[in-house]
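Novice: coordinates only, sequence not included:
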């Protein structure tokens, strides 16, 4: 009888141990999962919901929330749009360059040039300033459109039609943008595609400043931006024969080169010949002739080749 | 004391110990991954090796020969317990402000970005404005992704973080009015 009691006791003890061990293991597993959630592996929207319920959320959390909530509601975030419109011509001249101001001298090599923006909260563009940008945008379109119209020998009718449609459908949106708030600090323009597959232009607010300070360069940059609807990868998407083989050959670029490099080559070359930036792109810069030798032309071999193959010499450039 | 009773007490103590070691009893005293002691529930996250300690957001520009947009790189590091190290290249302000962001805020941003990176995103070959992200986890694992600017998903979060970081370094926007 006593032996049976003892056996029962050990059995009971074993079961209790097993239960507590299992409980402990489960707690250990779920406890650790709890840490991971705290460290941010849950979905961003969950985090936002969590932050929303915390009244004293940190500044960055609040800023993120403003972006998130505004996106959900399809409006600009409140609290970030309180500033009045400021004409860009009134902006301070200090600290506004990402690249130091090196105004190009005719014939010199073009440098990278970018004016700094004022950030999302600081970007408010007056209507009259935006009108100027729209004018530059349409001017760039006209330059490219006119060149296609006046160069029928270069393009198949179907290709020319598609190129003109690409230009016509291109839209431009006024900054700042909730979708790309960092662009408000930059002076560049970007071509993106919407859900319907249509291209549109977004500008950094520094670009607007450039339009006032350096109209010649800004027209070049805008034309380069607009010309991006014709880059080789765009032709590949619609399976149209690309007309840029002679241009790429002049610049010693082949099929094997990166698609982005070919894209920059086409957009930059078209912009350079149709709306000169007032300086030479490094790719078209002609080295000084050797001592004692007289240069046959002031233009580089690449520039002469492009001019000839794309009929640029026959086209009259419009002044900005 | 009989053996079953003693065993019962022992097993109870064992289970309590296991539960406490799992962190459900006390969250007040932990050793962080870098060896320093941290206190309080918030820092418990440091135990997990899956959080991001460092990140690079790169907006590369084209080849020099096109005189195109400048490359911009943002580096965020939370390895120094004194505070986050944040750098923006090129410098966007002559006199950058001392960062106002905390380690927790930067880590939260980087974790948010890492969470979004898991969503697959196709990189277009002809993209002229790429965006590269490199995130380094506490256990040394590197996450690297590339997309095109303006795409939905993680490029948008990267842009938000870049904007927040530059806001922090350059300072609040100037008040309205003429300068």
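Specialist: Now that the structure is in, tell me what you want to look at. From a predicted model like this one, the values you see are computed outputs, not experimental measurements.

Novice: Let me see the mean pLDDT of stretch A:246-256.
Specialist: Average pLDDT, stretch A:246-256: 92.

Novice: Same question for stretch A:203-212.
Specialist: The pLDDT scores in stretch A:203-212 average 92.

Novice: Residue A:223 is in contact with residue A:140, isn't it?
Specialist: Yes. In terms of Cβ atoms under 8 Å, residue A:223 counts as a neighbour of residue A:140; the distance is 4.1 Å. For every residue, glycine as well, the C-beta is placed using N, CA and C.

Novice: quick one: common contacting residues for the two?
Specialist: Common contact partners of residue A:223 and residue A:140 (Cβ atoms under 8 Å, 6 or more residues apart in numbering or on different chains): residue A:275.

Novice: can you confirm residue B:87 is in a strand?
Specialist: Yes. Inclusion of residue B:87 in a strand is indicated when DSSP: H, G, I helix; E, B strand; the rest coil is applied.

Novice: now it, which residues is it bridged with?
Specialist: As for beta bridges, residue B:87 partners with residue B:75 under DSSP bridges.

Novice: How confident is the prediction for it, by pLDDT?
Specialist: 92.

Novice: What is the burial count for it?
Specialist: The number of residues packed near residue B:87 is 15, by other Cβ atoms under 10 Å in any protein chain shown.

Novice: Residue A:20 now?
Specialist: Residue A:20 has 21 nearby residues by other Cβ under 10 Å.

Novice: Likewise for residue B:61?
Specialist: Using other Cβ under 10 Å, residue B:61 has 19 neighbouring residues.

Novice: swap in residue A:173?
Specialist: Neighbours around residue A:173, by other Cβ under 10 Å: 12.

Novice: Isn't it up against residue A:198?
Specialist: No. Residue A:173 lies out of contact with residue A:198 (Cβ under 8 Å); the separation is 11.9 Å.

Novice: Show me the helices in the stretch 151-300 of chain A, by range?
Specialist: Here the stretch 151-300 of chain A has its helices, by DSSP state H, counting those that start in this stretch, at A:157-169, A:205-213, A:215-226, A:232-237, A:245-250, A:259-274.

Novice: out of those helices, nearest to residue B:134?
Specialist: helix A:259-274 (19.2 Å; Cβ to Cβ).

Novice: So what does the closest residue to residue A:217 other than its chain neighbours have for phi and psi?
Specialist: Of all residues not flanking residue A:217 in the chain, residue A:277 sits nearest, at 5.1 Å (Cβ to Cβ, 6 or more residues apart in numbering or on different chains). The phi/psi pair for residue A:277 (degrees, to the nearest 10) reads phi -80, psi 0.

Novice: Excluding covalently adjacent residues, which one is nearest to the residue of the stretch 151-300 of chain A found nearest chain B?
Specialist: Relative to chain B, the nearest point of the stretch 151-300 of chain A is residue A:233 (2.3 Å; Cβ to the nearest Cβ). In this structure, residue A:233 finds its nearest non-sequential neighbour in residue B:126, 2.3 Å apart by Cβ to Cβ, 6+ apart.

Novice: close enough to count as contact, the one you found and residue A:261?
Specialist: No. Counting by Cβ under 8 Å, residue B:126 sits too far from residue A:261 to count as a contact (10.0 Å).

Novice: what residues are up against residue A:188?
Specialist: A:114, A:203-204, A:206-207, B:69-70, B:129 are the contacts of residue A:188 under Cβ under 8 Å, 6+ apart.

Novice: Throw these into JSON lines and include neighbour count and distance to residue B:111, thanks.
Specialist: As requested, the contacts of residue A:188 are arranged in JSON lines below (neighbours: other Cβ atoms under 10 Å in any protein chain shown; distance: Cβ to Cβ, whole Å):
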{"residue": "A:114", "neighbour count": "23", "distance to residue B:111": "31"}
{"residue": "A:203", "neighbour count": "30", "distance to residue B:111": "31"}
{"residue": "A:204", "neighbour count": "28", "distance to residue B:111": "28"}
{"residue": "A:206", "neighbour count": "27", "distance to residue B:111": "31"}
{"residue": "A:207", "neighbour count": "27", "distance to residue B:111": "33"}
{"residue": "B:69", "neighbour count": "24", "distance to residue B:111": "29"}
{"residue": "B:70", "neighbour count": "17", "distance to residue B:111": "29"}
{"residue": "B:129", "neighbour count": "24", "distance to residue B:111": "26"}
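
Novice: between those, which is closest to residue A:229?
Specialist: Among the contacts of residue A:188, and counting by Cβ to Cβ, the member closest to residue A:229 is residue B:129, at 14.1 Å.

Novice: tell me which parts of the stretch 101-250 of chain A are close to chain B?
Specialist: For the stretch 101-250 of chain A, the residues in contact with chain B (Cβ under 8 Å from any Cβ of the partner chain) are A:109-114, A:116, A:118-122, A:124, A:179-186, A:188, A:190-193, A:202, A:224, A:228, A:231-234, A:236.

Novice: For residue A:239, give me phi and psi.
Specialist: Residue torsions, per degrees, to the nearest 10, at residue A:239 are phi 50, psi 50.

Novice: For it, grab the count of nearby residues.
Specialist: 6.

Novice: And for residue A:117?
Specialist: Residue A:117 - counted by other Cβ under 10 Å - has 29 other residues nearby.

Novice: which element is the spatially closest residue to residue A:284 that is not a sequence neighbour on?
Specialist: By the measure of Cβ to Cβ, 6+ apart, the closest residue to residue A:284 outside its immediate chain neighbours is residue A:303, 4.3 Å from it. Following DSSP states H and E, one finds residue A:303 within helix A:301-309.

Novice: returning to that earlier point: report the buried members of the residues of the stretch 101-250 of chain A next to chain B.
Specialist: A:110, A:112-114, A:116, A:118-122, A:124, A:179-186, A:188, A:190-193, A:202, A:224, A:228, A:231-234 (16 or more other Cβ atoms under 10 Å in any protein chain shown).
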